[in-house]
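>>> how would this look folded up:
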Amino acid sequence: MVTQGEGLYREACAACHGQDARGVANLGPSLVDSAVILEGEAQAAVAFIRKGVALDDPANTTGLVMPPSGGRPDLSDQQLLAIVEYLRARAVVP
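Residues are numbered from 1 along each chain as shown. Take a look at the predicted model:
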């Protein structure tokens, strides 16, 4: 699942969050140390991605909108889960 998630991440998420998932200035935050991605149930992270982040969302740290499903409504929950598992595998552990 991690290998599938890596490919999906590069295709769907890297433009905003960086090829290394460490974020892109003024675009998307780092995901390698994101509490939303790393803490709790993986399905909660999938639900967060599926919902997106509005400008007025307290979780919004960039001042930019993250569209629902990261702008990729064609991705299934299983594919989003693969992306989350990939990100968890590369997590920065303190």
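
>>> mind checking pLDDT for P94?
pLDDT, P94: 52.

>>> what do you get for Q19?
95.

>>> what's the burial count for it?
When neighbours are counted by other Cβ atoms under 10 Å, Q19 registers 11. Every residue, glycine included, has its C-beta placed from N, CA and C.

>>> so the residue nearest to it when sequence neighbours are not counted is in which element?
Spatial nearest neighbour of Q19, chain neighbours left out: R10 (6.8 Å); criterion: Cβ to Cβ, 6 or more residues apart in numbering. Applying DSSP states H and E as the criterion places R10 in helix 2-12.

>>> With T61 instead?
Residue-wise, T61 maps onto no helix or strand under DSSP H and E.

>>> pLDDT at it, what is it?
For T61, the model assigns a pLDDT of 79.

>>> dump the residue contacts of it.
Shown in contact with T61 (Cβ atoms under 8 Å, 6 or more residues apart in numbering): P29.

>>> By average pLDDT, which secondary structure element in the chain comes out worst?
Least confident helix or strand, the chain: helix 35-38 with a mean of 90, by mean pLDDT, DSSP states H and E.

>>> ok, A21 - how many residues close by?
A21, neighbours per other Cβ under 10 Å, totals 25.

>>> in this structure, which spans are helices?
Here the chain has its helices, by DSSP state H, at 2-12, 14-17, 35-38, 42-51, 77-89.

>>> Kindly compare burial across the ones you listed and name the winner.
helix 77-89 (a mean of 20; mean count of other Cβ atoms under 10 Å).

>>> Restricting the selection to alpha carbons, write that helix to PDB.
Coordinates of each C-alpha in helix 77-89 appear next as PDB, following Å, rounded to 0.1, in the frame of the first residue of the first chain:
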ATOM      1  CA  ASP A  77     -11.100   6.400   0.000                       C
ATOM      2  CA  GLN A  78      -8.700   3.400  -0.400                       C
ATOM      3  CA  GLN A  79      -6.400   5.500  -2.600                       C
ATOM      4  CA  LEU A  80      -6.500   8.400  -0.100                       C
ATOM      5  CA  LEU A  81      -5.700   5.800   2.700                       C
ATOM      6  CA  ALA A  82      -2.700   4.600   0.600                       C
ATOM      7  CA  ILE A  83      -1.400   8.200   0.500                       C
ATOM      8  CA  VAL A  84      -1.900   8.600   4.300                       C
ATOM      9  CA  GLU A  85       0.000   5.300   4.900                       C
ATOM     10  CA  TYR A  86       2.800   6.500   2.600                       C
ATOM     11  CA  LEU A  87       3.100   9.700   4.600                       C
ATOM     12  CA  ARG A  88       3.000   7.900   7.900                       C
ATOM     13  CA  ALA A  89       5.800   5.700   6.700                       C
END
